[in-house]
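Asks: quick check, what structure comes out for this input:
(one chain, ligands or ions: 1)
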Amino acid sequence: MQFPGFYGNLAVRDSLSAAFQAGRLPHAILLQGEDGLGKSVLAKLVARALVCTASPEKAPCGVCPACRRALAGSHPDIAVAQASTKSGGISIEEVRRLRLWAAQKPSEAPGRVVLFFHMEKMQIPAQNALLKILEEPPLGVHFLLTCSSAASVLSTIQSRAQILTLSPLSPDDLRQAALEQHAGEDVEKVERLLPLCGGNLGKLSQLLTEKQGQSAREQAEKLLTAMLAPREAELMEATVPFLKEKARFREIILQMQWLARDACALRMGAPSLLGSPVSQALSQSLTRKQLMALPDFLEETVQNVDQNGNMNLLLTWFCARLRALAGQ
Ligand SMILES: [Zn+2]
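Replies: Numbers count the residues shown, from 1 in each chain. Predicted coordinates for the structure are as follows:
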């Protein structure tokens, strides 16, 4: 079996591959792990492999008509359980509909495949309905389930499925995955984000594609909020969009100065001019001394932006100093 677009987790791949090639894939597989590790990518790969017409070693080949239909989401023997728009979880009615669907003869593949994503959002009655199918699965049908943690799924479902746990990627695997998935992306930006993502490719992709549509005020508020956050990485992440945007960063710092001055005013009992909840938070979280030092530090930052050519070094300095200033 092949795993295009899925990275790391060698033991999981080996186990799936061996079972698939021996024709002994369990009828129910539960993939668990935090969001962003590739559970749904892997579940879809297994579903495609089950309908692919190429040899088991090459499946899913990606080019046969069955693979192409599966990739387009239109294969007649693969169904994805739809989450209810109200609760966000898969409803009992949806489980019953799929139970009837799975019991029918496959249209063209050797068997039908049903995918259930985000089992942790599924209510107990719906899980019980699913359990009924797993207890007496229709012949040749495979159920592929994903959840953040198997503990959020009925133990009776757990015992009827093979549970596979996805792990974060090693730094090397994450780098390779990022450069493959985001070919053409700035390598320096990828390298800067790598240590912040805890081996989670989904998180890295999210940071790389984050929209820069926020106003300067909103971005300034985001940086000041990150300054107070318990996680050091939060501030580093918030500065990533400015790596190649020196002028924009300068603009944000000026906005931060306004917010900092407003926080100082609030602290001294004067009314707020900007009415920002972030100024309010600053005036309450920082000591008087820290507050008074903030506008000066931001002034120093503006001067450094004007003098310093290397944004990477500048942003690193900025994050460390800002956190220190806030006593973090
Ligand atoms: Zn194929």
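Asks: least confident secondary structure element in this structure?
Replies: When each helix and strand of the chain is scored by mean pLDDT, DSSP states H and E, helix 187-193 comes last, with a mean of 81.
Asks: which parts of that one are buried?
Replies: For helix 187-193, the neighbour count (16 or more other C-beta atoms under 10 Å) marks K189, V190, R192, L193 as buried. For every residue, glycine as well, the C-beta is placed using N, CA and C.
Asks: list the buried ones in stretch 227-235?
Replies: So stretch 227-235, judged by 16+ other C-beta under 10 Å, has buried residues M227, L228, E234, L235.
Asks: what does it contact?
Replies: Stretch 227-235 is contacted by residues L196, L223, A226, A281, L282, S285, C319, L322, R323, L325, A326, Q328 when judged by C-beta atoms under 8 Å, 6 or more residues apart in numbering.
Asks: so which of the residues you listed is surrounded by the most neighbours?
Replies: Neighbours here mean other C-beta atoms under 10 Å. Within the contacts of stretch 227-235, the largest count is held by L282, at 25 neighbours.
Asks: so that one is in which element?
Replies: Assessed by DSSP states H and E, L282 sits inside helix 277-285.
Asks: who's in contact with that helix?
Replies: Contacts with helix 277-285, where a contact means C-beta under 8 Å, 6+ apart, come from 221, 224-225, 228, 259-260, 262-264, 266-267, 272, 291, 294, 326.
Asks: how about a cut-off of 10 Å?
Replies: Applying C-beta atoms under 10 Å, 6 or more residues apart in numbering, the external contacts of helix 277-285 come out as 217-218, 220-225, 227-228, 256, 258-268, 272-274, 276, 290-291, 294, 326-327.
Asks: pretty sure L115 is touching S40, no?
Replies: Yes - contact criterion C-beta atoms under 10 Å: L115 and S40 qualify, at 7.9 Å.
Asks: quick one: common contacting residues for these two?
Replies: Shared contacts of L115 and S40 (C-beta under 10 Å, 6+ apart): V80, L144, T146.
Asks: could you look up the SS state of the nearest residue in space to the first one that is not next to it in sequence?
Replies: Nearest residue to V80 in three dimensions, chain neighbours excluded: L115, at 4.7 Å (C-beta to C-beta, 6 or more residues apart in numbering). At L115 the chain is in strand, as set by DSSP: H, G, I helix; E, B strand; the rest coil.
Asks: what is the burial count for the closest residue to the ion within the stretch 101-250 of the chain?
Replies: The ion sits closest to A109 of the stretch 101-250 of the chain, with a gap of 10.7 Å, by C-beta to the ion. Look at A109: counted by other C-beta under 10 Å, it has 19 neighbours.
Asks: residues contacting it?
Replies: Contact analysis of A109 by C-beta under 10 Å, 6+ apart lists A47, L50, V51, C52, T53, A66, A70, H75, P76, D77, I78, G140.
Asks: which residues does the closest residue to G23 other than its chain neighbours contact?
Replies: Among residues not flanking G23 along the chain, P56 sits closest, at 7.7 Å (C-beta to C-beta, 6+ apart). Neighbour list for P56: M1, Q2, S17, F20, Q21, A22, G23, A49 [criterion: C-beta under 10 Å, 6+ apart].
Asks: list the buried ones in the one helix or strand the third one maps to?
Replies: Assessed by DSSP H and E, S17 sits inside helix 10-21. For helix 10-21, the buried set under the neighbour-count rule, 16+ other C-beta under 10 Å, comprises V12, R13, L16, S17, A19, F20.
Asks: pretty sure the first one contacts F3?
Replies: Yes - here V12 lies in contact with F3, judged by C-beta under 10 Å, at a distance of 9.4 Å.
Asks: can I get the contacts of P56 in TSV including pLDDT and distance to the ion?
Replies: Rendered in TSV, the data for these read as follows (pLDDT from 0 to 100; distance: C-beta to the ion, whole Å):
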residue	pLDDT	distance to the ion
M1	96	11
Q2	96	10
S17	97	15
F20	97	13
Q21	96	15
A22	96	19
G23	95	17
A49	98	8
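Asks: closest one of those to W101?
Replies: A49 (20.3 Å; C-beta to C-beta).
Asks: so how many other residues sit close to the closest one?
Replies: Neighbour tally, A49, other C-beta under 10 Å: 25.
Asks: Three-state assignment for T53, please.
Replies: Of the three states, T53 takes coil according to three-state DSSP.
Asks: tell me how far the helix holding L282 is from the chain's mean position?
Replies: Distance of helix 277-285 from the chain centroid (C-alpha atoms, centre = their mean, to the nearest Å) equals 30 Å.
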